[in-house]
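*Asks:* Quick one, structure for this:
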Amino acid sequence: MKLTLRALIFCLAGLFACEESADEALNTLGTDVDVEMREYLDGTQRSLMFKFFTTRDFSCINHRINYSVQQEINGLAIRLQEVEEPSACMKAMGPASAFVDVGSLNVGDYDFTLHIGEAITNTGVLTVTPESYQLVLNGEAGMHLETVQLQRIPKDALWGTVQFPGKPNENLANTFVNQLTKLGATQDKFDEGNYGFFEVDATGKVSPPMVAEKSSPFTFLLNYRGDESELTALLSEINRTYGDEVAIRVHTARGSEYRSWDLH
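*Replies:* Coordinates of the predicted model:
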């Protein structure tokens, strides 16, 4: 009787072990991945990019994730195949990465599949609207979805930061924004959410997605339909007048970036 009971215990233990191994597929990529969505801006063209970063750090910061993409009319499948060692190592610890540009997608719902290594598959639906991209998955095995909903950049958006290496000068920052409005920029209300390049809270306040500095920079977000040459002329004038006292970055919905310290 004891022998039979012991055998039964071993059989049950083996059964549970088999069930666990079936439920937990082996991650042959060797690491989980963080998944972000970001809009790629190039003139009047817009495309959706998926950014993948391993949660594990590697000894070369330029390790890459080898991938393949399969696109159909109503479906999109991405396969993260393996982490590749670079031919020339950039000595610094960091995650391996892959930036997958899936192009400009029409409004609608797309079946979405993400394969991680050889054994893990997550499925769901990517919903594209004129205002946002939303990714809803049935499971997130081997991954962490950092961006569930990404707001799309409005076509006339203008945003950036004003930073002061020394003593902050809020009056100068406000004067700069006022000068932008004189050029035709308008301080319209933007929908709350994550836009990739910046975030907007419920009050309409804009902030960078991540701030590395000890003190947060002064931020601005407007709509601008004027000539970009007038923006560069304004930044050039500020650089000539204030020099190293202030550093201003301006981004446009066309993918342009202007830095005050580069303009003379």
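*Asks:* going forward, measure contacts and count neighbours with C-alpha atoms only.
*Replies:* OK.
*Asks:* Next, the buried residues of the one helix or strand residue 238 maps to.
*Replies:* Using DSSP states H and E, residue 238 sits within helix 228-242. Counting neighbours by 16 or more other CA atoms under 10 Å, one finds that the buried residues in helix 228-242 are 231-232, 234-236, 238-239.
*Asks:* Can you say which two of these are spatially most distant?
*Replies:* By the measure CA to CA, these have their two most distant members at 231 and 239, which lie 12.4 Å apart.
*Asks:* Name the residues that touch stretch 230-250?
*Replies:* With CA atoms under 8 Å, 6 or more residues apart in numbering as the contact definition, stretch 230-250 has outside contacts at 158-166, 180, 183, 257-261, 263-264.
*Asks:* 6 Å instead, please
*Replies:* Outside of stretch 230-250, the residues that reach it under the criterion CA atoms under 6 Å, 6 or more residues apart in numbering are 159-164, 257-260, 263-264.
*Asks:* for that stretch, what is the average pLDDT?
*Replies:* Per-residue pLDDT values across stretch 230-250 average out to 94.
*Asks:* now the helices: where do they sit in the stretch 51-200 of the chain?
*Replies:* Applying DSSP state H, counting those that start in this stretch to the stretch 51-200 of the chain gives helices spanning 170-182.
*Asks:* which intervals of it have sub-threshold pLDDT?
*Replies:* When residues are selected by pLDDT under 70, none of them lie in the stretch 51-200 of the chain.
*Asks:* Which strand residues bridge residue 158?
*Replies:* With DSSP bridges as the criterion, the beta-bridge partners of residue 158 are residue 222, residue 252.
*Asks:* any idea how far residue 135 is from it?
*Replies:* Taking CA to CA, to the nearest Å as the criterion, residue 158 is separated from residue 135 by 26 Å.
*Asks:* When the two are compared, which one has more neighbours?
*Replies:* Taking residue 158 and residue 135 together and counting by other CA atoms under 10 Å, residue 158 has the greater number of neighbours (22 against 19).
*Asks:* so the more buried one touches residue 222, yeah?
*Replies:* Yes. Using CA atoms under 6 Å as the test, residue 158 is close enough to residue 222 to be in contact (5.2 Å).
*Asks:* re earlier: so of the contacts of stretch 230-250, which ones are in strands?
*Replies:* Secondary structure of the contacts of stretch 230-250 is defined by DSSP state E; positions in strands are 159-163, 257-259.
*Asks:* Just the buried residues of those.
*Replies:* Buried members of the ones in strands among the contacts of stretch 230-250, scored by 16+ other CA under 10 Å, are 159-163, 258-259.
*Asks:* residues contacting the nearest residue to residue 152 once chain neighbours are set aside?
*Replies:* Once flanking residues are discounted, residue 152 sits nearest to residue 132: 4.9 Å by CA to CA, 6 or more residues apart in numbering. Applying CA under 6 Å, 6+ apart to residue 132 gives the contacts 150-152.
*Asks:* cutoff 10 Å now
*Replies:* Listed by CA atoms under 10 Å, 6 or more residues apart in numbering, the contact partners of residue 132 are 39, 107, 149-153, 193-195.
*Asks:* repeat for residue 35
*Replies:* Residue 35 sits in contact with 50-54, 98, 143-148, where contact means CA under 10 Å, 6+ apart.
*Asks:* What helix or strand is it located in?
*Replies:* Secondary structure assigned from DSSP H and E places residue 35 in strand 33-42.
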